[in-house]
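Asker: Kindly return the folded structure for what I paste below:
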Amino acid sequence: VYFSPIRDEHLPSDIDAIYIGGGYPELYAAQLEQNTSIRYDIKSFVTKGGVVYAECGGFMYLTQGLWSSPTEDSSSATCKESGKQQKQHQYYKMCGVFNNLQARMTPCMKMHYATITFNETANNIFPKREKCRGQKFHYGEVFETTSSDDKKTQESIPYAISPMTVQPETLKSVPSKSDGKIINNCLASFYHLHFAASTKLLDSFVAHALYYSPHRQNQENKVELIQT
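Answerer: Below is the predicted model:
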């Protein structure tokens, strides 16, 4: 079942999960912001416990908001500089699922292949300890809008723990790192997963989608969750 976050006013009825793939939300930021009804539907779906997987541009769409390209020519900027707050053209509201994260564009391309392992904690979608391959290719980044000085505050945020560990394959001497964000049953990251690398990924995704489906919560014959 396909839907457009730009053209459709609401999510399709009686869906069990949402997959939001990559794209270029910075090119359609105004239209995405204007569609307040579907942004509300998506956030509500996550709040009710529905399964959502979003990658790259989909991840950016689920943040609090998106900054468009810098007003100044950033062709001479370095990747190191991209971590700093740059002058931005305009801010657009997104879904607000990850409400202390914002997205912005940078002058630096990030691209590599990686081996991804799903962690035992903070992962309610894919098989725990399962490995698959993925690819990162983007110019955007997300950043926290709240201070990280207060450790207790950070630990209270339900998506502060990363759901997966990533080992880059095509970058030399780069150690593995934690990656991605998760809240309720919504997992998002900049990596594009290669689902054919492990058939267990889709089996687990579908099983969890049926189990946690908001519109099936009141059904007596609820589908049993496949233990993975």
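
Asker: Longest helix in this structure, please.
Answerer: Secondary structure of the chain per DSSP state H: the longest helix is helix 199-212.

Asker: other SSEs contacting it?
Answerer: strand 17-20, strand 51-55 (3 or more Cβ pairs under 8 Å, 6 or more residues apart in numbering; DSSP states H and E). To be clear about C-beta, it is placed using only N, CA and C from the backbone, and glycine gets the same treatment.

Asker: residue boundaries of the helices in the protein?
Answerer: Counting by DSSP H, one finds helices in the chain at the ranges 29-34, 36-47, 57-61, 151-156, 199-212.

Asker: for this protein, where's the lowest mean pLDDT among helices and strands?
Answerer: Here the helix or strand of the chain ranked lowest by mean pLDDT, DSSP states H and E is helix 151-156, holding a mean of 43.

Asker: In the longest helix of the chain, which residues are buried?
Answerer: Neighbour-count burial for helix 199-212 flags 200-201, 204-205, 207-212 (criterion: 16 or more other Cβ atoms under 10 Å).

Asker: With respect to T170, which of those residues is nearest?
Answerer: Taking Cβ to Cβ as the measure, T170 sits nearest to L201 out of the buried residues of helix 199-212, at 21.4 Å.

Asker: And that closest one, how close does it get to L62?
Answerer: 20 Å (Cβ to Cβ, to the nearest Å).

Asker: Equivalent analysis for M164, please.
Answerer: Relative to L62, and taking Cβ to Cβ, M164 is found at 16 Å.

Asker: cool, I116 as well?
Answerer: With Cβ to Cβ as the criterion, I116 and L62 are 19 Å apart.

Asker: So these two - more neighbours on which side?
Answerer: Between I116 and L62, L62 has the larger neighbour count (other Cβ atoms under 10 Å), namely 28 against 25.

Asker: List the residues that contact the residue lying closest to that one once chain neighbours are set aside.
Answerer: Closest residue in space to L62, ignoring its immediate chain neighbours: V97 at 4.1 Å, by Cβ to Cβ, 6 or more residues apart in numbering. For V97, the contact set (Cβ atoms under 8 Å, 6 or more residues apart in numbering) comprises 42-43, 46, 52, 62-63, 183, 186, 188.
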